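Novice: based on what follows, work out the 3D shape:
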Amino acid sequence: MAVSLQKLGSADGPVVIYQGYLCSPIYSYTRTLGLEPDFGYVFIDPPTFGPYKFDVSNGPSGLGRVGGTVERGPPGRGGSANRSPEGFSPIGDLVLREVIGGKSFETLFRNVLVAPSPVVAAFPTDASNTPQDTADARVPITDIRLLWRTQGEVSGLFNVLKAGTGIQLSGATVTVGDVAAIPLSNFIKGSLRNGTEKWTLERILEEKIVPNLPGVLGLKRMPEDLKAAIPSKEWPPGTLAKQALAELLFEFGMLLALNPDSTIGLWKPMEGDPQLQNGSDFFATNPEEVAYVLPSATIHHIPDLIQVTGGPILGTVRLKCIPVSEVAGVLRPIRDGLSLIGLSPAQADAFAVLPADQRIAKNFDPKGKAAGEFDRWYGKYWRIIDAETANADKLPMQGRPVDGTSAKPSLGATLGQLAPIGVFTERTGQANLAQMALEGTLNPTAAGNSSSQKYRLIAAAAASRIGTKNATVVLNLGFGEVTSGFRIDRERGLVIFDQIQGHVLKEGVPGSSPFNLSKARIEVEFGYYLSPGECGDKATRYVSFWSRQADGSARQLRNKPAGAIPHLIDAPELAQRIDISGRTNVSILNAIAQKKAEEEFKRPTTTSAYELHVTRPLPLICTGAVQQVSWSAGPTSGPQVIASIGGTHDTKTPADRYATRTRDPSERTPPAGEDIQSPRRRR
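Specialist: Numbers count the residues shown, from 1 in each chain. The predicted structure is shown next:
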């Protein structure tokens, strides 16, 4: 038999309303700390709801809401307060209310979703006596966190340091240095808020993450001491807001609570006493609504062996490059490209140093078609040797793991940002030796920076060989690292220069000596993620094993013991890096991994907690201590709220004042010191 509905006009009793439809006073709904959705159900009378007859169609945007129409039964069977004019929707408000002696107790849940499960008849019926559409329908419900799994994007740079700016570690604590103390000039301007200030944790949450979490109506609270924290994050396009939020929660040790009003609160573990949605202390304001308190203890398994797995290992390599051509969008050997435009390598070397008027005089491509292709890639396109075969596992190229904060790179002292890809090349330059001689700037010992002194040294050496009578000469500037004048195609292992790279056979007047492209020296130094093919049986990620000692400390093992099944800790932020000389930051990673392992080893084997049972549908919220709140009512029991609370029980009120049910004064919680028994209802 279908459960009868309470009428909205009843003076006393429970009332359940979902999307404006009056429901049976049988329900269950839960809110738990975390990012994953909770589920529950309500019962709706088919003459009001019509579960087998409603039609869902596309409706207004926002929250994934879908409008629709519903074939309703006779009017007056439950009222239509707060109903959507578009009909029953996949999202709406849920009201749990109980009126006792004219006093109303209520929890309003905003943005409650219909769960993606079937809406079915709640009870079996005799089809010959009871029409199918008179059986109550059990409607599964959930919360907006279900939408976070696939909706909401966050992308951008937030407080990202410029390449080469390391973050030093302090002492044995292995904690990242205070980013707030780093000057603004060390950050990428586009990663700063409005380009002028650092992003605080509170601003990132309020301006970037919360607005992109479907259904969230605001950030209600967070720990005061974390509001001004300065994270450093880089989220590429397509990053789910939920993923970005999870990273921040993990980094700053916070827990998320979804409140009934669809706001979120962030708490530290065990922070926050039981309280109502308005922030009032529950025990101070509603002691008479406590039915009873059940102490509990949770037993925790502590592993003997832990495996800490980090991110991919980033190695460093320096590889030689060869000149290539690009004709019709295809990279080709330089000889093939020259052949397609009608030049031999010798002709190309000669034409490379000639001004345009001298090229025409020597009848090189008077129409200019081949010259355009020639000038675009000759001596400017350089590809890693065997990039498509032997070195394919090293592409795409990554930044180099070096510490740019010190003259001698030391990965043992930093977990800093990656430096840019290094490009080393031979190149030429022009100098007016006659003018430099008149100005006295051929003296290599004159004041200036190291770069200008090196240039003067090269010019002085050239002047001693060829004299200073020529106004402008071409000089070989030698081999060294350059920081500009090129761009990198990471996927193809290609360096594209603005000017021809290499050297002339003989320094002197431009065009007097051919280029020597075949013997030019170009090298690229970059980071790359180690591949299984390169490493064989070795790990391509940071991995360490830790054994629990009697005092809870962690001892590192060289390898996993045979037959052992370790407890796994995934720590992608532990990125092992190896620089060009073979130095690595593994000692720092080991120290961090040891700390993670010891935190697990030293966890208590048992934790005390308690369940708080409340007699009315009050808007209790989850906090760092209140791990779960459940609202429910059954066919033979009235509404109740059960809160699972970590820690020891301190009610701030004598236990003998706790009424089991206000409507049944004979049901009382036993006095302190007596065994707790389940309350019995009157017959």
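Novice: who's in contact with Gln501?
Specialist: Neighbouring residues of Gln501 by Cβ atoms under 8 Å, 6 or more residues apart in numbering: Gly379, Lys380, Trp382, Thr425, Glu426, Arg427, Ala520, Ile522. The C-beta positions use only the backbone N, C-alpha and C, and glycine is treated the same way.
Novice: again, but for Gly34
Specialist: Here Gly34 is in contact with Leu255, Leu256 (Cβ under 8 Å, 6+ apart).
Novice: mind checking the SS state of it?
Specialist: Classification of Gly34 using DSSP: H, G, I helix; E, B strand; the rest coil returns coil.
Novice: how much space between it and Pro604?
Specialist: Separation of Gly34 from Pro604 (Cβ to Cβ, to the nearest Å): 21 Å.
Novice: and if you look at Gly422?
Specialist: Look at Gly422 and Pro604: by Cβ to Cβ, they are 50 Å apart.
Novice: who has more neighbours, these two?
Specialist: Gly422 (19 against 10; other Cβ atoms under 10 Å).
Novice: now that one: phi and psi?
Specialist: phi -90, psi 130 (degrees, to the nearest 10).
Novice: please name the nearest non-neighbouring residue to Glu600.
Specialist: Among residues not flanking Glu600 along the chain, Ile306 sits closest, at 6.0 Å (Cβ to Cβ, 6 or more residues apart in numbering).
Novice: which helices and strands sit right next to the helix or strand harbouring the one you found?
Specialist: According to DSSP states H and E, Ile306 maps onto strand 305-312. Where contact means 3 or more Cβ pairs under 8 Å, 6 or more residues apart in numbering; DSSP states H and E, strand 305-312 is packed against strand 541-548, strand 567-570, helix 586-601.
Novice: with respect to burial, which of these scores highest?
Specialist: Comparing those by mean neighbour count (mean count of other Cβ atoms under 10 Å), strand 541-548 comes out on top with a mean of 21.
Novice: other SSEs contacting that one?
Specialist: If you count contacts as 3+ Cβ pairs under 8 Å, 6+ apart, strand 541-548 packs onto strand 305-312, strand 554-557, helix 586-601.
Novice: mean pLDDT and distance to Ser185 added to those, as JSON lines?
Specialist: Converted to JSON lines, these look like this (pLDDT from 0 to 100; distance: least, Cβ to Cβ, whole Å):
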{"stretch": "strand 305-312", "mean pLDDT": "92", "distance to Ser185": "29"}
{"stretch": "strand 554-557", "mean pLDDT": "96", "distance to Ser185": "40"}
{"stretch": "helix 586-601", "mean pLDDT": "92", "distance to Ser185": "26"}
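Novice: tell me which of these lies nearest to Ser325.
Specialist: Of all these, strand 305-312 sits nearest to Ser325, with 34.0 Å by Cβ to Cβ.
Novice: buried by neighbour count: which residues of the following helix or strand past the closest one qualify?
Specialist: For strand 305-312, the succeeding helix or strand toward the C-terminus, using DSSP H and E, is strand 314-327. Within strand 314-327, the residues scored as buried using 16 or more other Cβ atoms under 10 Å are Leu314, Gly315, Thr316, Val317, Leu319, Cys321, Ile322, Pro323, Val324, Ser325, Glu326, Val327.
Novice: ok, now stretch 634-650?
Specialist: Applying 16+ other Cβ under 10 Å to stretch 634-650 flags Gly638, Pro639, Gln640, Val641, Ile642, Ala643, Ser644, Ile645, Gly646 as buried.
Novice: and which of the residues you listed is nearest Gly253?
Specialist: Ranked by distance to Gly253 (Cβ to Cβ), the buried residues of stretch 634-650 are led by Gly646 at 15.1 Å.
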